[in-house]
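Novice: below is the sequence, then the predicted model.
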Amino acid sequence: MWWLTTVALMGVVVYVQYEDVKDYGHEKPGWSMLQRTAYETLSRTAWGLAIGWIIYACNYGYAGT
C-alpha cells in the first residue's frame, strides 16, 4: 500500500506540471501565479515525503524480499 502511494505521489509531482510547460506552438496559456506557488510549495514537500519513505523502508526492511 505504501509503495503504491509513494510511486503514485512521485508520478504526480513529475507529470502534473505538463500543462504548464507544454509548448502550444503559438502561445502558452500556462498556470496562474497561485497555481505555480501551490505546486512549488506542495511538490517539494510531497517529493521529500516520498524519498523519506523510500529511505525508511529500505532501512527497516520494508523494501521487499
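Specialist: Everything's here; your move. Since the model is a prediction, treat every value here as computed from it, not as a measurement.
Novice: so for this protein, the centremost residue is which one?
Specialist: Val13 (1.7 Å; CA atoms, centre = their mean).
Novice: isn't that residue up against Ala46?
Specialist: Yes. Between Val13 and Ala46 there is a contact under CB atoms under 8 Å: 5.4 Å. C-beta: built from backbone N, CA, C; applies to glycine.
Novice: how much space between the residue nearest to the centre of the chain and Glu40?
Specialist: Val13 sits 11 Å away from Glu40, going by CB to CB, to the nearest Å.
Novice: with Ala57 instead?
Specialist: In terms of CB to CB, Ala57 sits 27 Å off from Glu40.
Novice: who has more neighbours out of the two?
Specialist: Ala57 (15 against 10; other CB atoms under 10 Å).
Novice: output the lowest-mean-pLDDT helix or strand in the chain as CSV, restricted to C-alpha atoms.
Specialist: Within the chain, no helix or strand scores below helix 18-21, which has a mean of 77 by mean pLDDT, DSSP states H and E. What follows is helix 18-21 as a C-alpha-only set of coordinates in CSV (Å, rounded to 0.1, in the frame of the first residue of the first chain):
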residue,chain,number,x,y,z
TYR,A,18,3.0,19.1,-18.1
GLU,A,19,0.2,21.6,-18.9
ASP,A,20,2.3,24.4,-17.7
VAL,A,21,5.4,23.6,-19.6
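Novice: that helix packs against which elements?
Specialist: Secondary-structure packing of helix 18-21 (3 or more CB pairs under 8 Å, 6 or more residues apart in numbering; DSSP states H and E): helix 33-59.
Novice: report the buried residues of the helix it packs on.
Specialist: Neighbour counts over helix 33-59 (16 or more other CB atoms under 10 Å) mark 39, 43, 46, 50, 53-54 as buried.
Novice: which residues touch the residue nearest to the centre of the chain?
Specialist: Contact analysis of Val13 by CB atoms under 8 Å, 6 or more residues apart in numbering lists 43, 46-47, 50.
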